[in-house]
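Undergrad: This is the structure alone, sequence omitted:
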Ligand code: SF4
């Protein structure tokens, strides 16, 4: 399903905003190294194996919902691990924010099939204010002439930009 009136900032950008501002900047400048990461392939395999039958993807141009459970009115975001759960939560809240703007009431659920965990996510009026601040902040970051500093974190080793940041 494809819906018009698309957001111009993607769910992935919201996710990266919480993980690393440098990653957000690199991705937003269309510098992509995702194909070099085995983790991305693992993610695709999880999606294919876990949800082959019930999956119904929904796509707004900037965001892609992994699958929608029509009978429950729940949009699901599937993730490999909870290592950056805060980023996952805000990515999903961003999706809820857009559905809310379209006048469509849905709930969100984070799905971690590898550890058999699910978590329901809501959107509050405070969340809406925070998302609008985040969008403005992302605009500012993307406009930087040079990339933000590396974060020197243990998550860097699993990042697709690792080789670019630590040559
Ligand atoms: S390797 Fe680390 S510093 Fe570089 S983009 Fe990824 S998370 Fe950010």
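TA: Done, it's in. Computed from a prediction, not measured in an experiment: that's the story for all the values here. Numbers count the residues shown, from 1 in each chain.
Undergrad: so where do the strands sit in this structure?
TA: 2-3, 58-60, 63-65, 67-69, 74-78, 107-112, 117-121 (DSSP state E).
Undergrad: Throw those into TSV and include mean neighbour count and distance to residue 86, thanks.
TA: Just so you know, the C-beta spots here come from the backbone N, C-alpha and C atoms, and that holds for glycine as well. Conversion of the strands of the chain to TSV gives the following (neighbours: other CB atoms under 10 Å; distance: least, CB to CB, whole Å):
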stretch	mean neighbour count	distance to residue 86
strand 2-3	11	27
strand 58-60	16	23
strand 63-65	20	18
strand 67-69	17	22
strand 74-78	20	13
strand 107-112	19	11
strand 117-121	14	12
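Undergrad: what distance separates the start and the end of stretch 144-159?
TA: Start and end residues of stretch 144-159 are separated by 21 Å (CA to CA, to the nearest Å).
Undergrad: Output the strands of the chain in TSV, with distance to residue 24 and mean pLDDT appended to each entry.
TA: Formatted as TSV, the strands of the chain follow (distance: least, CB to CB, whole Å; pLDDT from 0 to 100):
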stretch	distance to residue 24	mean pLDDT
strand 2-3	24	44
strand 58-60	20	73
strand 63-65	15	81
strand 67-69	26	85
strand 74-78	18	91
strand 107-112	20	94
strand 117-121	21	94
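Undergrad: To residue 26, which of these lies closest?
TA: Among the strands of the chain, strand 63-65 comes nearest to residue 26, with 19.6 Å by CB to CB.
Undergrad: thinking again about what came up before, would you reformat the strands of the chain as CSV and include distance to the ligand?
TA: Converted to CSV, the strands of the chain look like this (distance: least, CB to the nearest ligand atom, whole Å):
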stretch, distance to the ligand
strand 2-3, 31
strand 58-60, 26
strand 63-65, 21
strand 67-69, 28
strand 74-78, 20
strand 107-112, 21
strand 117-121, 24
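Undergrad: And those strands: which comes nearest residue 11?
TA: Of the strands of the chain, nearest to residue 11 by CB to CB is strand 63-65, at 4.3 Å.
Undergrad: what residues does the closest one touch?
TA: 6-7, 10-11, 57-59, 75-77, 94-95, 98 (CB atoms under 8 Å, 6 or more residues apart in numbering).
Undergrad: what do you get for stretch 15-33?
TA: Outside stretch 15-33, the residues that reach it (CB under 8 Å, 6+ apart) are 12-13, 84, 86-88, 90-91, 134, 137-138, 141-142, 144, 147-151, 153, 155-156, 159-161, 163-165.
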